[in-house]
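In: Prediction below, plus the sequence it came from.
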Amino acid sequence: MTITMYGIKNCDTIKKARAFLNDQQIDFIFHDYRQDGLTAALLAEASAQLGWQSLLNSRGTTWRSLSEQDKADVDATKALHLMLTHPALIKRPLLDINGTFHLGFSQPQYQQLIQSL
């Protein structure tokens, strides 16, 4: 079984999710978008499972800092390009458990995920 958590290491939600998995003694790989990069293939796969609208964090500071032109008329292609260019636009954490993606963190959500392992 392979568990990979994607995100940005200084994100508070990522810190909570990582601490939870460590406390539960769950082995996982942490992949930092900024340090380790991000591929279009990974983003396309996550988008196919979760939907690009779910992945796109349009409430964060990165979104607000984009130009009005970048934020206008967002569709799947444009959203994936923006997320690839600005990984902080991806909601966090993105958890990959054996090829199935899960988005966000809450203790009940993660508890349920690890019970199904």
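Out: Done, it's in.
In: From here on, just use CA atoms for contacts and neighbour counts.
Out: Will do.
In: name the element Q109 belongs to?
Out: Using DSSP states H and E, the element containing Q109 is helix 107-115.
In: I would like the residues contacting that helix, please.
Out: F20 (Cα atoms under 8 Å, 6 or more residues apart in numbering).
In: Show me which residues of it are buried.
Out: Using 16 or more other Cα atoms under 10 Å as the test for burial, helix 107-115 gives Y110.
In: Not counting its own residues, what contacts stretch 37-53?
Out: The contact list for stretch 37-53 (Cα under 8 Å, 6+ apart) reads 55, 76, 79-80, 84, 87, 100-102.
In: Extract the CA atoms of it and return them as CSV.
Out: Extracted C-alpha coordinates of stretch 37-53, given in CSV (Å, rounded to 0.1, in the frame of the first residue of the first chain):
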residue,chain,number,x,y,z
GLY,A,37,7.4,19.7,-8.3
LEU,A,38,4.1,18.9,-9.8
THR,A,39,3.2,17.2,-13.0
ALA,A,40,0.4,17.8,-15.4
ALA,A,41,-0.4,14.0,-15.3
LEU,A,42,-0.8,14.0,-11.5
LEU,A,43,-3.0,17.0,-11.6
ALA,A,44,-5.1,15.6,-14.5
GLU,A,45,-5.6,12.3,-12.6
ALA,A,46,-6.6,14.0,-9.4
SER,A,47,-9.0,16.3,-11.4
ALA,A,48,-10.5,13.3,-13.2
GLN,A,49,-11.4,11.8,-9.8
LEU,A,50,-12.3,14.9,-7.8
GLY,A,51,-13.2,17.5,-10.4
TRP,A,52,-11.2,20.6,-11.1
GLN,A,53,-13.7,22.7,-9.2
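In: do you know how far the residue nearest to the spatial centre of the chain is from G7?
Out: The centre of the chain sits closest to L94, judged by Cα atoms, centre = their mean, with a distance of 3.0 Å. Counting by Cα to Cα, to the nearest Å, the gap from L94 to G7 is 7 Å.
In: Where do the strands of the protein begin and end?
Out: Assigned by DSSP state E, the chain shows strands spanning 3-7, 29-32, 94-97, 100-103.
In: Just the residues contacting the longest one, thanks.
Out: So that's strand 3-7. The contact list for strand 3-7 (Cα under 8 Å, 6+ apart) reads 14, 27-33, 92-98.
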